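>>> please work out how this folds:
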Amino acid sequence: MPQADAVRIFVDADACPVKDEVYRVAGRCRVPVAVVAQGYLRIPADPMVERVAAGNAPDAADNWIAERAGARTIVVTADIPLAARCVKAGAVVIGPDGRVFTADSIGAALAMRNLMSDLRSAGGETSGPRPFATKDRSTFLSALDAAIRRLQRR
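Prediction:
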């Protein structure tokens, strides 16, 4: 069990393409990881990696993460509303593409998400997110490593 003031990583895992990268970096840095999903998800046999089955209620995994996010946590998610909740709680939030959400950038990300949602609900066609690329994986690894090191120095 990690110390109360230890750096922790929470992964919004249901559709996360960088779980293996999180395990690798967290293992190297000895940072505990909670892999949060609605139900069962395969994780490595590592005492530093915890599986959390948050339940089937709408937003159960998001709520579990947001309720525990704080100044010593790193949250990995592509979910913009969850990212906003976690940024507000003081967490470092990183998207799978390596984009770091901050208090300065989350408002624009939420506005764009809402605009695209409104366009789709009005019958407009949108292109959706761009495909996940090798460059995204590299950018994510750099952002995660930097966030861990920064929080460990505090």
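
>>> how near is the residue nearest to residue 152 when sequence neighbours are not counted to residue 132?
Using C-beta to C-beta, 6 or more residues apart in numbering and skipping the chain neighbours, the partner closest in space to residue 152 is residue 7 (5.8 Å). Where C-beta positions appear, they are placed from N, C-alpha and C, glycine not excepted. Computed with C-beta to C-beta, to the nearest Å, the distance linking residue 7 and residue 132 is 26 Å.

>>> same drill for the two, tell me which one is more crowded.
Counted by other C-beta atoms under 10 Å, residue 7 and residue 132 do not tie: residue 7 has more neighbours, with 23 against 14.

>>> so who does that one touch?
31, 72-74, 148, 151-152 (C-beta atoms under 8 Å, 6 or more residues apart in numbering).

>>> lowest-confidence one in those residues?
The lowest pLDDT within those belongs to residue 152, with 93.

>>> contacting residues for that one?
If you count contacts by C-beta under 8 Å, 6+ apart, residue 152 has them with 7, 29, 31.

>>> the last one contacts residue 11, correct?
No: the pair formed by residue 31 and residue 11 falls short of the contact definition of C-beta atoms under 8 Å, at 11.7 Å.

>>> neighbour count: the two, which is higher?
Using other C-beta under 10 Å as the criterion, residue 31 and residue 11 rank with residue 11 on top: 27 against 21.

>>> the more buried one falls within a helix, correct?
No: judged by DSSP: H, G, I helix; E, B strand; the rest coil, residue 11 forms no part of a helix; its state is strand.

>>> so for it, what's the pLDDT?
So residue 11 comes in at 97 (pLDDT).

>>> so how far is residue 121 from it?
Taken as C-beta to C-beta, the span from residue 11 to residue 121 is 29 Å.

>>> any low-confidence regions in this protein?
Scanning the chain for pLDDT under 70 picks out the ranges 1-4, 107-120, 124-130.

>>> all strands of it, in order?
According to DSSP state E, the chain carries its strands in the segments 8-12, 33-37, 49-53, 73-76, 92-94, 100-101.
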